[in-house]
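Q: test case, fold it:
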Amino acid sequence: MMIMQLSVPGMSILTEFLRHPLLTGAIAPSSPALARMMTEGIGLEQARTVVELGPGTGAFTDAILRRAAPGTRIIAIEINGHLAASLADRYRGEPVDVVHASATHLANLVDHPVDAVVSGLPWTVMPEPVRQRILDAVTAVLAPTGAFTTFAYAHATWTPPASSPPSSASASPSRERAG
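A: Residues are numbered from 1 along each chain as shown. Here you go, the predicted structure:
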């Protein structure tokens with residue numbers, strides 16, 4: 001009897017989101033169209049070092065690899081340990097260094113200015129001080145002519161349903177005349 005393992009694209013990121021919703025800010029991998037938009041026009045073809053923040057399952061990493069010149073070093077910083085391990089296996093033999101760390105430590109993880117930072121971080125679920133530390137770290141490592149690209153999902157927040165105002169037998173519409 002042969003047992004086949006079914007792999008559903010995106011299931012890994014969904015599982016990690018359900019386990020760690022504040023560390024994994026997406027329920028599905030980014031689309032190829034978004035990955036193209038995030039990586040075009042930022043000079044990857046001439047870049048020597050590119051940092052990717054929050055690579056998740058590697059959608060942007062793939063796009064960076066397609067655009068980057070041979071010899072470009074890619075540093076992918078992923079806070080989720082399961083996703084980082086999966087990325088390290090997936091990109092074994094590629095010029096991608098996967099680092100299991102928080103993006104807040106970016107300035108300690110690179111030893112020279114970088115040409116581009118591509119971010120897939122879930123900005124909307126981060127506390128303001130964390131966002132600021134990450135942006136400060138990006139500013140510290142980005143070369144003067146470097147590029148920073150990011151996006152954010154605008155999540156709707158839940159609000160309770162509206163209720164009808166209390167009815168009153170004596171309430172009647174009123175009209176006022178301007179003027």
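Q: can I get the CA coordinates of the helix ranked longest in the chain in PDB?
A: When the chain is parsed with DSSP state H, its longest helix is helix 128-141. Coordinates of each C-alpha in helix 128-141 appear next as PDB, following Å, rounded to 0.1, in the frame of the first residue of the first chain:
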ATOM      1  CA  GLU A 128       4.200  50.900  17.700                       C
ATOM      2  CA  PRO A 129       7.500  50.600  19.600                       C
ATOM      3  CA  VAL A 130       8.400  47.400  17.700                       C
ATOM      4  CA  ARG A 131       7.500  49.000  14.300                       C
ATOM      5  CA  GLN A 132       9.700  52.000  15.200                       C
ATOM      6  CA  ARG A 133      12.700  49.800  16.300                       C
ATOM      7  CA  ILE A 134      12.500  47.900  13.000                       C
ATOM      8  CA  LEU A 135      12.300  51.100  10.900                       C
ATOM      9  CA  ASP A 136      15.200  52.500  12.900                       C
ATOM     10  CA  ALA A 137      17.200  49.300  12.200                       C
ATOM     11  CA  VAL A 138      16.300  49.500   8.400                       C
ATOM     12  CA  THR A 139      17.500  53.100   8.400                       C
ATOM     13  CA  ALA A 140      20.800  52.100  10.100                       C
ATOM     14  CA  VAL A 141      21.700  49.400   7.600                       C
END
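Q: helix or strand right after that helix?
A: Next along the chain after helix 128-141, taking DSSP states H and E as the criterion, comes strand 142-149.
Q: would you mind writing the CA trace of that following strand as PDB?
A: Extracted in PDB, the C-alpha atoms of strand 142-149 (Å, rounded to 0.1, in the frame of the first residue of the first chain):
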ATOM      1  CA  LEU A 142      20.400  50.800   4.300                       C
ATOM      2  CA  ALA A 143      23.000  52.300   2.000                       C
ATOM      3  CA  PRO A 144      22.600  56.000   1.100                       C
ATOM      4  CA  THR A 145      21.300  55.000  -2.300                       C
ATOM      5  CA  GLY A 146      19.500  51.900  -1.100                       C
ATOM      6  CA  ALA A 147      15.800  51.000  -1.500                       C
ATOM      7  CA  PHE A 148      13.200  50.000   1.100                       C
ATOM      8  CA  THR A 149      10.000  48.400   0.000                       C
END
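Q: so which residues make contact with it?
A: Applying C-beta atoms under 8 Å, 6 or more residues apart in numbering, the external contacts of strand 142-149 come out as M38, T39, I42, G43, P113, V114, D115, A116, V117, V118, S119, V138. For every residue, glycine as well, the C-beta is placed using N, CA and C.
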